[in-house]
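**Q** the following comprises the amino acid sequence and a computationally predicted model.
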Amino acid sequence: MKVVFAGSFDPPTMGHLDVIERSANLFDEVHVVIAHNASKRGFFPVDVRKRLLEETIAAKGLKNVQTAICKGPIVDYAKANGCRALIRCVRSMADLPGEQLMASMNLRLSPSMETLLFVARREYVDISSSAVRELVAMGRLPAGVVPDAVQKELENRFGPLLQVNEML
């Protein structure tokens with residue numbers, strides 16, 4: 001079965017990578033789709049996010065994962081590419097209402113498109129792209145929050161980032 005894991009991935013985090021790996025172990029083909037959100041100004045350009053995801057996926061040796069960029073509804077991308085389900089992840093109960101509404105709307109747009117929810121692993125519940133962006137703006141980033149390729153890109157753009165374990 002083919003599935004889609006969509007998001008802004010701005011920037012990709014270890015939480016994203018965990019969901020990608022878990023999906024790759026369960027499904028025949030995983031499409032990691034960078035969704036275009038016109039209401040958000042990107043931290044990284046979409047093409048950079050795609051490259052970072054591709055480098056991270058390649059480093060993990062995930063052969064059944066591909067990346068794409070989508071400007072329209074994700075369900076349209078999924079249908080056009082033969083995908084039967086959308087993968088989403090909840091970090092806490094606070095995420096559930098928004099995910100439920102999104103899943104319901106996606107069913108309205110495509111009645112056969114199911115949404116499968118992954119529960120974030122405990123070590124990733126506090127990691128989000130927005131938290132990474134805030135920390136980078138302060139010149140700090142705890143170790144293990146983003147994949148190596150993303151860490152390098154952040155440091156190339158914003159200079160060295162103080163790691164938490166360096167402060168102890």
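**A** Sure thing, it's come through.
**Q** assign S112 to helix, strand or coil.
**A** Using DSSP: H, G, I helix; E, B strand; the rest coil, the structure places S112 in coil.
**Q** and the closest residue to it other than its chain neighbours, how far from V119?
**A** Leaving aside its chain neighbours, S112 sits nearest to R84 (7.6 Å; criterion: C-beta to C-beta, 6 or more residues apart in numbering). Every residue, glycine included, has its C-beta placed from N, CA and C. Distance, R84 to V119, by C-beta to C-beta, to the nearest Å: 21 Å.
**Q** between the two, who's got more neighbours?
**A** Set R84 next to V119 and count neighbours by other C-beta atoms under 10 Å: R84 wins out with 15 against 11.
**Q** in a helix, A143, correct?
**A** No. Assignment of A143 by three-state DSSP gives coil, placing it outside any helix.
**Q** surely it is in contact with I127?
**A** No. Taking contacts as C-beta atoms under 8 Å, A143 lies outside contact range of I127: 11.9 Å.
**Q** remind me which residues of the protein are low pLDDT?
**A** 162, 164-168 (pLDDT under 70).
**Q** please repeat the previous calculation with a cut-off of 90.
**A** Segments of the chain classed as low confidence (criterion: pLDDT under 90) are 36-43, 158-168.
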